[in-house]
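>>> quick one: sequence plus predicted model below, questions after.
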Amino acid sequence: MYGSWQRFPPVCVSADSAQNSCWSVTYSPTATCALIGSSVDIRSYYTFPDNQKVTKSVWFIKEQAGAEPVDVREDEEYQGRVQYRQSSQNDCSIRITHLRERDAQTYRFRFYTDGGEYTGEPGVTLSVTDLKVTVSDTGSGGKKLNCYSTCILPNNLTYIWYKNGQPVSDQSINNTGQYLYVSTVDAGSYSCAVKGHDELHSPAAYPHLYLNMYLETQ
């Protein structure tokens, strides 16, 4: 489920209840969707035996049999676009900026201690999408415009609509919905974006409709 925490079965090295003796990794989210050109944060929380010390931690996407995984920060595709962010001793988050379509991968976290190593499986699946505008009939002579993405973006986003490159502005309506309804015919181009990423417009659609409209929020 998008946006959920998932804890993978811990590996316990003893039954000693006096100390934490388990290895585990918890990811949040376990799958996520983000816009091309934007940034994404993926978090992990990990545990290990109390009598050990973490010596190294890495996020990676590629693994070869018999070889250590390559830190994603050292991958040519990610140069200058990846940051590790640690808010506590047992937290290691990754931020990827200026997302590209080929960043759609499964990301896994591995940490090393002075007593062993552990990889959280199966990892976090990242999907990367652009925005598109689809047009359909409303049945009453108007058109329904949908700001569409190929994966499920967070449901708390605010959508912005544009006509001929200018933000739709009407004091009588709330123009922040994913759907835009337009009545009667007009020649014009319509596109959408997400607030906070206003520069990442969808390609223009041409429903040839007037700007006599109202919006429906999802």
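That came in fine, so what should we check first? Residues are numbered from 1 along each chain as shown.
>>> got the domain ranges for the chain?
Following automatic domain parsing, one finds the domains of the chain at 6-128, 131-216.
>>> can I get those in CSV with mean pLDDT?
Below are the domains of the chain laid out as CSV (pLDDT from 0 to 100):
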stretch, mean pLDDT
domain 6-128, 86
domain 131-216, 78
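>>> save these as CSV, and put in mean neighbour count too.
C-beta here means a position set from N, CA and C on the backbone, and glycine is covered the same way. Formatted as CSV, these follow (neighbours: other C-beta atoms under 10 Å):
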stretch, mean neighbour count
domain 6-128, 16
domain 131-216, 15
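>>> from memory residue 49 sits against residue 22, does it?
Yes. With contacts counted by C-beta atoms under 8 Å, residue 49 reaches residue 22, the gap being 7.4 Å.
>>> in the protein, which spans are helices?
In the chain, no helices are defined using DSSP state H.
>>> across the sheet, point out what pairs with the nearest residue to residue 167 once chain neighbours are set aside.
Among residues not flanking residue 167 along the chain, residue 160 sits closest, at 6.1 Å (C-beta to C-beta, 6 or more residues apart in numbering). In this entry, residue 160 is beta-bridged to residue 193, by DSSP bridges.
>>> how much space between residue 160 and residue 180?
10 Å (C-beta to C-beta, to the nearest Å).
>>> what does residue 48 give?
For residue 48 relative to residue 180 (C-beta to C-beta), the value is 51 Å.
>>> now do the shared contacts for residue 160 and residue 180.
Common contacts of residue 160 and residue 180 (C-beta atoms under 8 Å, 6 or more residues apart in numbering): 168, 192.
>>> on that earlier part again, right, and the residue nearest to residue 167 touches residue 196 too?
No. With contact taken as C-beta under 8 Å, residue 160 and residue 196 are classed as non-touching, separated by 9.6 Å.
>>> ok, residue 76 to residue 143 distance?
45 Å.
>>> which residue is the nearest non-sequential neighbour of residue 69?
Spatially, and ignoring its direct neighbours in sequence, residue 69 is nearest to residue 60 (3.7 Å; C-beta to C-beta, 6+ apart).
>>> now do the same contact list for that neighbour.
Neighbours of residue 60 in contact, by C-beta under 8 Å, 6+ apart: 69, 70, 71, 72, 107, 108, 110.
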